[in-house]
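# Can you look at this prediction? I've put the sequence above it.
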Amino acid sequence: MKLGDARKLTQDAQESLRLRGIKAVVEGGKTHAEVGHLLGVARGTVSRWVSSYRRRGQAALLKKKRGRRAEDMVRLKPHQCASLVKMITDRCPDQLKLPFMLWTREAVGELIERTFGIRLSIRSVGNYLKRWGFTPQKPVRRAYERREKEVQAWLKEVYPAIAKRARLENAEIHWGDEAGFRSDHQTGTTYSPKGQTPVISGTGKRFRINMISSVTNQGTLRFMLFEENFTREVFLNFLKRLIKSSKKKVFLIVDNHKVHHAKVVGEFLKENKEKIEVFFLPAYSPDLNPDELLNQDVKSNAVGRKHAKSLQELKTNITKYLFGTQNCPEIVRSYFLKKEVTYAS
């Protein structure tokens, strides 16, 4: 029998066709192919009917109201859109007592229903978000303890004063940070046949190497690798090497790690105040430090893309990568191009 296009039939005819097909399969014991031949539809169509019937029963075969759903006919008014955009921009879902951590379409849909009593489909919510200029993005983690007033003071007052002093005293501003690199860190993706998860061989042992480094907006990079924990002695060793390698006075900007505030460190800085001074970023503000981008670069390209089989190999990979970066000042300067740290460029 020549196959017809059932979509051209009326809804009543389509419903009758589905019910006849299911009856022939369930009660008559006929195969999907036989039923398709008898009714003039494709075997796959019969298979879909049977699958829907087994999941939801006869209700899945009955005709449904066509056209756009009632909730999709609703339109938000301009003032409602403006209010929603402000809430989504200024607040997180949990701050508005919604059971979500991120602004997903489901979260925005519930916000709309709770605020204005309007229920929209997920697709309609997505269309509104697109119209408002929102796109899905990976969020940046930020500590609750962060104090925005201190951050703004740093950006508008504290750092500009440090930069002015550096110019007057012919000092060089270094941004410092510490990082740890583990042998099992994985970065990137690899091609593989669909449905077959790729397997990458590597040692079952875990080892790590630590780094303390500093960068300048002129393209200077200084680093030191160490295997022990980050201690006062390690930091002092780095400070001494930093002074020795610099022809100018060093203004070093670091975070508020307890080692940076150690008493012995303070004593060393007093004794060498003509050579080096240390300044501290606002608490819980790693995004303000360009040296964090060096850490990410090393993790992604020197560690994550090369599987080291031993601690020495891991150390060698990182050292080679850092020496290469040292010889390319333009790479170091590029760390200062990210929006959050352009103030330091």
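The structure has been received and is ready for your questions. Because the structure is predicted, anything quoted here is derived from the model rather than measured. Numbering: from 1, shown residues only.
# Sketch out the low-pLDDT regions of this protein for me.
Scanning the chain with the threshold set as pLDDT under 70 gives 1-6, 65-74, 140-145, 185-192, 198-204.
# Domain boundaries for it, per the record?
Taking automatic domain parsing as the criterion, the chain consists of the domains 6-61, 70-131, 149-185+206-344.
# So for Pro139, which of those domains sits nearest?
domain 70-131 (6.5 Å; C-beta to C-beta). Yep, even glycine has a C-beta here, placed from its N, CA and C like the rest.
# For stretch 231-243, report the contacting residues that lie outside it.
With C-beta atoms under 8 Å, 6 or more residues apart in numbering as the test, stretch 231-243 has contacts from 174, 176, 212, 214, 222, 224, 226, 228, 250, 252, 259-260, 262, 264-265, 268-269, 272, 275-276.
# would you list every one of the strands in the stretch 151-300 of the chain?
With strands called from DSSP state E, counting those that start in this stretch, the stretch 151-300 of the chain shows them at 171-182, 208-215, 221-226, 249-254, 276-280.
# Kindly present the ones you listed as JSON lines, with separate columns for distance to Glu110 and mean neighbour count.
Shown next, in JSON lines, are the strands of the stretch 151-300 of the chain (distance: least, C-beta to C-beta, whole Å; neighbours: other C-beta atoms under 10 Å):
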{"stretch": "strand 171-182", "distance to Glu110": "39", "mean neighbour count": "20"}
{"stretch": "strand 208-215", "distance to Glu110": "43", "mean neighbour count": "22"}
{"stretch": "strand 221-226", "distance to Glu110": "48", "mean neighbour count": "18"}
{"stretch": "strand 249-254", "distance to Glu110": "43", "mean neighbour count": "21"}
{"stretch": "strand 276-280", "distance to Glu110": "42", "mean neighbour count": "17"}
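# Kindly reformat those strands as a markdown table containing distance to Lys339.
As requested, the strands of the stretch 151-300 of the chain are exported to a markdown table (distance: least, C-beta to C-beta, whole Å):
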| stretch | distance to Lys339 |
| --- | --- |
| strand 171-182 | 16 |
| strand 208-215 | 17 |
| strand 221-226 | 22 |
| strand 249-254 | 18 |
| strand 276-280 | 22 |
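# For Cys81, find the nearest of these.
Once the strands of the stretch 151-300 of the chain are compared by C-beta to C-beta, strand 171-182 is nearest, at 41.6 Å.
# Starting from the helix or strand hosting Lys86, tell me the next helix or strand along the chain.
Assessed by DSSP states H and E, Lys86 sits inside helix 78-90. Sequence-wise, the next helix or strand downstream of helix 78-90 (DSSP H and E) is helix 105-116.
# what does that next one contact?
Helix 105-116 is contacted from outside by 76, 80, 83-84, 87-88, 93, 96, 98, 100, 118-122, 125-126, 128-129, using C-beta under 8 Å, 6+ apart.
# Any of those residues buried? List them.
76, 84, 87-88, 93, 96, 98, 118, 120-121, 125-126, 128-129 (16 or more other C-beta atoms under 10 Å).
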